[in-house]
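S.K.: Test case, fold it:
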Amino acid sequence: MSSSGLRLLIPEEKIQSRIRELGEQITRDYPQGPIYLIAILKGACFFLADLARAIRRPVRIDFIGISSYGRSKTTSGEVKLTKDLDASIEGADVLIVEDIIDTGVTLHYLAQVLAQRQPRSLRIAALLDKPSRRIRPVDVAYVGFEIPDEFVVGYGLDYAEEYRNLRDICVLEDRQ
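M.R.: From the prediction side, this is the model:
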């Protein structure tokens, strides 16, 4: 993999095993269904699909679009809503499903927006967490993996819309 500028960080088998564990934990934590899973587009759709299948309760799925990166490797600090939910979440148990939490700017903003819509509960599930980069506080109920401060791609994560379809999570190393 190193010849293509990628270094393996988390292999597919480890990702799938951890998602099954998260699904079991979420199933126990939500004894009454349904759970509304809201994925942040586009990166979280891979994690959402596998997590939804790992949860043994009725789930409903919706998508929200948020942008703070554009074509850069770092957040712009400006968050904009690019696609809103299709249904009301008032009175529902809601789980925001995110691929990665970095600075926390995006999720902090989104949690505030969704809380105003009066769900019964609102929690966050993230496949990856980089707590060393946190700028805004974010309460994450379910974390797949804590990772170092490196730029990662694969399993839904991209760089300029590339690499999303990799089955593993890899570090994108600087190209010379």
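
S.K.: hey, where'd the strands end up in the chain?
M.R.: Assigned by DSSP state E, the strands in the chain fall at 6-10, 35-41, 59-67, 80-83, 93-101, 121-129, 142-146, 152-153, 169-172.

S.K.: my read: residue 63 touches residue 37, true?
M.R.: No - applying C-beta atoms under 8 Å, one finds residue 63 not in contact with residue 37, separated by 9.5 Å. C-beta here means a position set from N, CA and C on the backbone, and glycine is covered the same way.

S.K.: Between those two, which is the more surrounded one?
M.R.: Comparing residue 63 with residue 37 by other C-beta atoms under 10 Å, the one with more neighbours is residue 37, at 24 against 18.

S.K.: Distance of that one relative to residue 94?
M.R.: 8 Å (C-beta to C-beta, to the nearest Å).

S.K.: where do the contact lists of these two overlap?
M.R.: Common neighbours of residue 37 and residue 94, using C-beta atoms under 8 Å, 6 or more residues apart in numbering, do not exist here.

S.K.: Confidence-wise, which helix or strand of the chain is lowest on average?
M.R.: strand 80-83 (a mean of 86; mean pLDDT, DSSP states H and E).

S.K.: Which neighbours in the sheet does it have, and how are they oriented?
M.R.: Strand 80-83 has its sheet partners listed here by DSSP bridges as strand 59-67 (antiparallel).

S.K.: gap between the strand it pairs with and the chain center?
M.R.: With C-alpha atoms, centre = their mean, to the nearest Å as the basis, strand 59-67 stands 10 Å off its chain's centre.

S.K.: thinking again about what came up before, least reliable of the strands of the chain by average pLDDT, please.
M.R.: The minimum mean pLDDT among the strands of the chain belongs to strand 80-83 (a mean of 86).

S.K.: Quick one: residues in contact with that strand.
M.R.: Here strand 80-83 has contacts from 41, 63-68, 113, using C-beta under 8 Å, 6+ apart.
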